[in-house]
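Colleague: Quick one, structure for this:
(2 chains)
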Number of protein chains: 2
Amino acid sequence: MINLKQIFEPKSIAVIGASREPSKVGHAIVKNFVAGGFPGDIYPINPNATEILGLKCYKNVSSIKGKIDCAIIAIPAQFVPGALEECGKKGVRGIVLITGGFSEVGNVEGERQVAEIAKRYDLSIIGANCLGVLNPAARVDGIFLPVYKMARPRVGDIGFISQSGAVGGCIVDLAAYAGIGISKFVSYGNATVIDETHLLEYLGKDEKTRIIVMYLEGVRRGKEFIKVAKEIAKKKPIILLKAGVSKKGAEAVKSHTASLAGSAEAYRAVMKQCKIIEAKTLMELFYFAKIFDQPLPKGNRVGIVTNGGGYGVLATDAVELFELELANFSEESKKILRKNLPNYVNIRNPLDVVGDADSARYDLAINTLMEDPNVDIIVVVVLFQTVAIDSRVISVITRAADQKKKPIVVISTGGEYTEVHKRIFDSYGIPTYHSPTAALDAVQKFVWYADFLKKNKRIG
Amino acid sequence: MINLKQIFEPKSIAVIGASREPSKVGHAIVKNFVAGGFPGDIYPINPNATEILGLKCYKNVSSIKGKIDCAIIAIPAQFVPGALEECGKKGVRGIVLITGGFSEVGNVEGERQVAEIAKRYDLSIIGANCLGVLNPAARVDGIFLPVYKMARPRVGDIGFISQSGAVGGCIVDLAAYAGIGISKFVSYGNATVIDETHLLEYLGKDEKTRIIVMYLEGVRRGKEFIKVAKEIAKKKPIILLKAGVSKKGAEAVKSHTASLAGSAEAYRAVMKQCKIIEAKTLMELFYFAKIFDQPLPKGNRVGIVTNGGGYGVLATDAVELFELELANFSEESKKILRKNLPNYVNIRNPLDVVGDADSARYDLAINTLMEDPNVDIIVVVVLFQTVAIDSRVISVITRAADQKKKPIVVISTGGEYTEVHKRIFDSYGIPTYHSPTAALDAVQKFVWYADFLKKNKRIG
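Modeller: Down below sits the predicted model:
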């Protein structure tokens, strides 16, 4: 029986292949568990060491008295079957098999052997050929990459399933840098035992996960995947990037995670059917994910506030491109804006509060649109290059967002000063984009999903 | 007669509206000229001050004895005609009119007056309602935005014409942050006298400018623009983002720079006819511009090197999406790679040098593709999250790029550690992208333009 709780929320873990050598994978894993503040027992396994990083070292799992929920394996492929047998006998049921060198390089027999042992002992195995698992809330950090290269995100509500370790690591690092939180992260590589459908099902039930993000190269059990995805999509958004959609891309997939990629058309049809949100690029995966923390939009009418006229034009172009609607401000809003804004501000949507706008002017504009019944989504362009704007705009926008009445997204482009502010917005859960196109693309997906939920409720 | 040299390369400048008040535009301009190391004479004009930032202050331009090439005007709109009259009488022919409040807010009469005075005195005026001019090589910094908000780029060969000050400021800031250089930057706002065609013509002839980037909301003299663009495109790439392509976007343009936006279809047809490279988004403008510093590709065959399998798949998908070709490595290359790379590396394109690749492995792979007659463009994915890669890969890639034989582009995604390295690559002239899609999109435009140049040469 597949049991993922022992892998994502273990009370005790063993690291098979723990090493005293700082450059080794088996060292980094022990170190990251210790440094990450894992509250359970950590058992390093290495027949040639007595102590690693201050922890007592064991010859094998059998010599450990206590219960072990999960073993993380980082030893050469030829020793893996033996280690799995030992785990089976000891009663360790959760396995993260980091080791590569199986079917992805033609060692089909080795992989078959792993699967056979798993079946015999009822092992739940993540991998082979994977990066492993993160669960910030439970302080589980089973990733061997150094923290300075791949930062660890804070606790949040995005669950991220990535077949590829590299893609997973990059997006996790990007999320951490932007201050965006995750509930769980897993890279599952060859899917020898546990596949994307198992993981999707698990995150679907996981209360800590509100948004599911997936990078897939192939799907093992198509029918089951569709069934599971359909059910989950009614409750949580699923955002999916399918790689290997081109002919040559599909060939590349085969030598990467030994998956069958399938045709682009077939996958698109499935996503449509399941109400999965398709990301067409890596950055879309990230851009779409972060908007879903906002309150659901009630419609598709966009109100734009900007301190740069050109950005108002570009955002308006993007509203049309993504088939959204430019809101007509209510008479009440127009009255308030006309009364309180300088006379050189044109009272229209996009609302160009002009280059000399300060935080107070943004406050007035945003709060007026927040009360306007004709506006469903607020898009705020903040160009930090201009003279009168500074960090006070952060509290203006976060205060408005905290009302949780309407989604707010921010657009900012620039260098260091801008980047620092963008990351602060993101870390407060306000999705921030470097261009109008990226922002409105995400808004469109959000509006589409909100509409699906509304219709589904009415029918269901 | 239009003369732009006196504006972009003045020997002496006057700042009309110079102020002692640090928060004022007229203060910032004087300050930025002084701090930027402008080698010519700087004349602050202010009837109520005797000295500004250590410089002697003048009541008006007439009271200055020396010649003034260019006057930068930052006084309220109602005082502008008077100041222009004075400039005309004094013989100042170059004007940067930063002041807004003309036709963009309905003051058509004010703008007509400016145009009339310009005609009478033969003034070349940039603006009204603009951000001004940058020329890093001549140390001309007429932008009133503080340096910490909008960084100034190093000297380079991209000339950037932006109708919108905000869009211009953002992209300039972004370029500076990435270490990308510019030859000239100009934001020209309402185009009262000098329009996009004058500026395009100037940069077309400017020897310091090899790549022209434009953000336009409208075009004043369509026929002339087409004629000029066609000629320049045969020598230098022109990359253009046309804003206001949607119906509502066109309306927004009207209240921004008082331009007539024109239909999207008409503009696309013109761009195609003129061999202008169309950027559809703000970021494309930036992404496309930076690839053109690389040597021209001889064909469309892409060789991919990656330390992450998933990125190999995504890059391959992008090659197909953008109608490029995945190169078939030569037998010679395969032999070298097979002999020198670890046996678990699949010798194929995309070349996944695997997660444990170090700089030496990249060196071998890149140099092999550099010699391979079947490869026209090298796309290098460097995922800095992996354990064995570090900053040494920078010298590996810059050394290869310095041979100037084939274009090299880099793809990297991640947080702080990655971002620092990306900026270093960009600053060395190696265009770096955060996603395979963004990179291959730029490669496509580059291949297309190289192909046009080749064909044009053959015909011409």
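Colleague: Got the domain ranges for chain A?
Modeller: A:5-291, A:301-459 (automatic domain parsing).
Colleague: quick one, phi/psi of A:Glu320?
Modeller: With angles defined as degrees, to the nearest 10, A:Glu320 sits at phi -70, psi -40.
Colleague: mind listing what it touches?
Modeller: A:326, B:246-249 (CB atoms under 8 Å, 6 or more residues apart in numbering or on different chains). C-beta: built from backbone N, CA, C; applies to glycine.
Colleague: Tell me the predicted confidence for it.
Modeller: Turning to A:Glu320, the model gives it a pLDDT of 96.
Colleague: and what of the one 4 residues further on?
Modeller: With respect to pLDDT, A:Leu324 has a value of 98.
Colleague: hang on, it packs against A:Gly303?
Modeller: No. If you go by CB atoms under 8 Å, A:Leu324 and A:Gly303 don't touch, sitting 11.0 Å apart.
Colleague: and for these two, which residues touch both?
Modeller: Taking CB under 8 Å, 6+ apart as the criterion, A:Leu324 and A:Gly303 both touch A:Ile377.
Colleague: which of the two has more neighbours?
Modeller: A:Gly303 (27 against 21; other CB atoms under 10 Å in any protein chain shown).
Colleague: quick one: that one and A:Gln403, what's the gap?
Modeller: Applying CB to CB, to the nearest Å, one obtains 15 Å for the distance of A:Gly303 from A:Gln403.
Colleague: swap in A:Ile75?
Modeller: From A:Ile75 across to A:Gln403, the span is 53 Å (CB to CB).
Colleague: ok, the closest residue to A:Tyr311 other than its chain neighbours - how many residues close by?
Modeller: Nearest residue to A:Tyr311, sequence neighbours excluded (CB to CB, 6 or more residues apart in numbering or on different chains): A:Val381, at 4.4 Å. A:Val381 has 29 neighbours, counted by other CB under 10 Å.
Colleague: dump the residue contacts of A:Val381.
Modeller: A:304-308, A:311-312, A:315, A:410-412, A:436.
Colleague: so which of those would you say is closest to chain B?
Modeller: Minimum distance to chain B across the contacts of A:Val381 is 2.5 Å, recorded for A:Gly308 (CB to the nearest CB).
Colleague: my guess is that closest one contacts A:Ile389, does it?
Modeller: No. A:Gly308 is beyond contact range of A:Ile389, at 10.4 Å (criterion: CB under 8 Å).
Colleague: With neighbour numbers in mind, choose between those two.
Modeller: Each of A:Gly308 and A:Ile389 has its neighbours counted (other CB under 10 Å); A:Gly308 has more, 29 against 22.
Colleague: Check which helices and strands the longest strand anywhere in chain A sits against.
Modeller: Counting by DSSP state E, the longest strand found in chain A is strand A:155-162. Strand A:155-162 is packed against helix A:165-178, strand A:182-187, helix A:196-205, strand A:211-216, helix A:282-291, with contacts defined by 3 or more CB pairs under 8 Å, 6 or more residues apart in numbering or on different chains; DSSP states H and E.
Colleague: Just name the shakiest helix or strand of chain A by mean pLDDT.
Modeller: helix A:247-257 (a mean of 80; mean pLDDT, DSSP states H and E).
Colleague: May I have that one as PDB, with CA atoms only?
Modeller: Extracted in PDB, the C-alpha atoms of helix A:247-257 (Å, rounded to 0.1, in the frame of the first residue of the first chain):
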ATOM      1  CA  LYS A 247       9.000  15.300 -31.500                       C
ATOM      2  CA  LYS A 248      12.700  15.700 -30.600                       C
ATOM      3  CA  GLY A 249      11.700  16.800 -27.100                       C
ATOM      4  CA  ALA A 250       9.900  13.500 -26.600                       C
ATOM      5  CA  GLU A 251      13.100  11.600 -27.600                       C
ATOM      6  CA  ALA A 252      15.100  13.700 -25.000                       C
ATOM      7  CA  VAL A 253      12.600  12.700 -22.400                       C
ATOM      8  CA  LYS A 254      13.300   9.100 -23.000                       C
ATOM      9  CA  SER A 255      16.900   9.400 -22.100                       C
ATOM     10  CA  HIS A 256      16.200  11.700 -19.200                       C
ATOM     11  CA  THR A 257      13.600  10.000 -17.000                       C
END
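Colleague: quick one: is stretch A:341-358 near chain B?
Modeller: Yes. Stretch A:341-358 reaches chain B (CB under 8 Å from any CB of the partner chain) through A:344, A:346, A:348, A:350, A:352, A:355.
Colleague: Of those residues, which is the nearest to B:Ala115?
Modeller: Closest approach to B:Ala115 among these (CB to CB): A:Tyr344, at 20.9 Å.
Colleague: what comes up buried for stretch A:385-397?
Modeller: Buried residues in stretch A:385-397, counted by 16 or more other CB atoms under 10 Å in any protein chain shown: A:385-387, A:389, A:393-394, A:396-397.
Colleague: Please verify my assumption that A:Val345 contacts A:Asp356.
Modeller: No. In this structure A:Val345 lies outside contact range of A:Asp356 using CB under 8 Å: 10.0 Å.
Colleague: Find residues that contact each of those two.
Modeller: With CB under 8 Å, 6+ apart, A:Val345 and A:Asp356 have no common neighbours.
Colleague: Give me the more crowded residue out of the two.
Modeller: A:Val345 (18 against 15).
Colleague: Spit out the contact partners of the nearest residue to A:Asp363 once chain neighbours are set aside.
Modeller: The shortest distance from A:Asp363 to any non-neighbouring residue, by CB to CB, 6+ apart, is to A:Val396 (4.5 Å). Going by CB under 8 Å, 6+ apart, A:Val396 touches A:359, A:362-363, A:366.
Colleague: Tell me how far the spatially most central residue of chain A lies from A:Leu341.
Modeller: Against the mean C-alpha coordinate of chain A, by CA atoms, centre = their mean, the closest residue is A:Phe160 at 4.3 Å. Separation of A:Phe160 from A:Leu341 (CB to CB): 42 Å.
Colleague: do A:Glu116 as well
Modeller: Distance, A:Glu116 to A:Leu341, by CB to CB: 72 Å.
Colleague: So which of the two has more stuff around it?
Modeller: Higher neighbour count among A:Glu116 and A:Leu341: A:Leu341, with 19 against 12, using other CB under 10 Å.
Colleague: for that one, what are its contacts?
Modeller: A:347, A:353, A:361, A:364-365 are the contacts of A:Leu341 under CB under 8 Å, 6+ apart.
Colleague: any idea which helix or strand carries A:Gln444?
Modeller: Element membership for A:Gln444 (DSSP states H and E) is helix A:436-459.
Colleague: list the buried ones in that helix?
Modeller: A:436-450.
Colleague: repeat for stretch A:408-421
Modeller: Buried, per 16+ other CB under 10 Å, within stretch A:408-421: A:408-415, A:417-419, A:421.
Colleague: what's the span of it from first residue to last?
Modeller: 16 Å (CA to CA, to the nearest Å).
Colleague: hang on, the earlier thing: of A:Ile75 and A:Gln403, who's got more company?
Modeller: More crowded of A:Ile75 and A:Gln403, by other CB under 10 Å: A:Ile75, with 20 against 12.
Colleague: Confirm that the residue nearest to A:Asp363 sits in a helix.
Modeller: Yes. Assessed with DSSP: H, G, I helix; E, B strand; the rest coil, A:Val396 lies in a helix.
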